[in-house]
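Engineer: need a 3D model of the sequence below.
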Amino acid sequence: MFLDNIELFNVGALESVPGLGEHGLVRVPKSVRDCLNNRGRFIGMTSVGCELQFVSDAPNIDIYLSCTNPHFSEKGEVQIYKGDFLCVTHQITPGIVNNIRFTPPAKFNEVLQKTINSGGFSSNVCRVVFNRGTTFVIHGIDTMGHEIRPPKAEEKPKLNWLAYGSSITNSSLDGYPHFAAKQLKVQVQNKGFSGSCHIEKELVDFMVDECSCDFFTSELGVNMRGAFTPEEFEQRASYLIDRFSETGKPVFIISIFPNSNTSLYIAKPGITSERENAYNIILEDLVAQKQAANLHFISGSTILDDFSGLSGDLIHPTSYGHAVMGANLSKILRKKLDPLFL
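Structural biologist: Below you'll find the model as predicted:
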């Protein structure tokens, strides 16, 4: 998707945000969100992992943004990169237009080009990357008379990854999908749904039919333990696995990450732990029954292999936990995806 010579990455639609503007960066369009569970309807609007990508030789660039009230903090957060390098982080006051002036770092002219172009992005590419918890609106970018254009294919990573899952996937920009993407030198579309990953048919169809990508990951089940029987979970998971695998692209199905309800750790098992165990078996069996060469099952315990990587709620990883998970996942994906990197 493009807007005024700017490429919009991980943006499902540009939508009007009342009181803020016409160009709200939402990950999932309203027509799909309206088919989701109540929480999913607003989580799909958030801009986590959305990016503005452009190339300009302007020495000063003014970026005009606004955002809605964040869910988890008082302000929205934006990171600005040149290529793979984080240059500055800005806090955005909600409800008003914020002006950010970005001056590309002079140090980029003092090192060998191969040094700053060894990652997935060319150092020519400016990237405005949005963190979780709010919907951002783009009001314009002023390069003060200098040309601006979208990146060329050779200036971006070769591969594009779509990651679906719970709040653990719908994480901050330091979360495991973004960590693993950095390790793999790929772009990741964050389609995580905090507290609302219910595998609705309409969302699955949107991700398959409307989101261009080279491979998929899906961590499934943790948000469904309280309201869905194993039979209902199996029906929804089966639809996702069928649709994703039918694309012919590599698909990685990840079972629930270790937490306080995991059978190995819980002191007194109950309905939640029983369903978690059933869900994990269902996912492994569905992948095995499909017998598709492009379909892979990954146990969540091989990704989060250190229980102390969890925060005090014993379900959400800390920054350390996300780093462990990103490193482990990137190794598995690298091994399976090697032919795509050639």
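
Engineer: what sits up against the longest helix seen in the chain?
Structural biologist: Ranked by number of residues, the top helix in the chain under DSSP state H is helix 319-341. Here helix 319-341 makes contact (Cβ atoms under 8 Å, 6 or more residues apart in numbering) with 158-159, 171, 174-180, 182-184, 214-215, 217, 250, 252, 257, 296, 298, 302-306, 308-311, 317. C-beta here means a position set from N, CA and C on the backbone, and glycine is covered the same way.

Engineer: buried residues in that helix?
Structural biologist: By neighbour count, with 16 or more other Cβ atoms under 10 Å as the criterion, the buried positions of helix 319-341 are 321, 322, 323, 324, 325, 326, 328, 329, 330, 332, 333, 337.

Engineer: so of the contacts of helix 319-341, which ones are in strands?
Structural biologist: Among the contacts of helix 319-341, the residues falling in strands (DSSP state E) are 215, 217, 252, 296, 298.

Engineer: out of those residues, which one sits closest to residue 43?
Structural biologist: Residue 43 lies nearest to residue 217 out of the ones in strands among the contacts of helix 319-341, by Cβ to Cβ, at 18.1 Å.

Engineer: show the contacting residues for that closest one.
Structural biologist: If a contact means Cβ under 8 Å, 6+ apart, then residue 217 has 161, 162, 163, 164, 165, 177, 251, 252, 253, 254, 329, 333 as its contacts.

Engineer: for the stretch 201-342 of the chain, what spans make up the helices?
Structural biologist: For the stretch 201-342 of the chain, helices defined by DSSP state H, counting those that start in this stretch occupy the ranges 201-209, 230-246, 271-290, 300-303, 319-341.

Engineer: how about these in a markdown table, adding distance to residue 113?
Structural biologist: Listed next are these as a markdown table, based on distance: least, Cβ to Cβ, whole Å:
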| stretch | distance to residue 113 |
| --- | --- |
| helix 201-209 | 36 |
| helix 230-246 | 38 |
| helix 271-290 | 43 |
| helix 300-303 | 35 |
| helix 319-341 | 22 |
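
Engineer: of all those helices, which one is nearest residue 125?
Structural biologist: Distance to residue 125, taken as Cβ to Cβ, is lowest for helix 319-341 among these, at 19.8 Å.

Engineer: now do that closest one, average pLDDT.
Structural biologist: Mean pLDDT, computed over helix 319-341, is 93.

Engineer: what do you get for stretch 253-269?
Structural biologist: Per-residue pLDDT values across stretch 253-269 average out to 96.

Engineer: repeat for stretch 149-161
Structural biologist: 96.

Engineer: ok, residues contacting that stretch?
Structural biologist: Contact with stretch 149-161 is made by 2, 5-7, 53-56, 120-122, 124-125, 177, 181, 184-189, 212-217, 337, 340-341, as judged by Cβ under 8 Å, 6+ apart.

Engineer: restricted to helices, list these.
Structural biologist: Per DSSP H, the contacts of stretch 149-161 map to helices at 177, 181, 184, 337, 340, 341.
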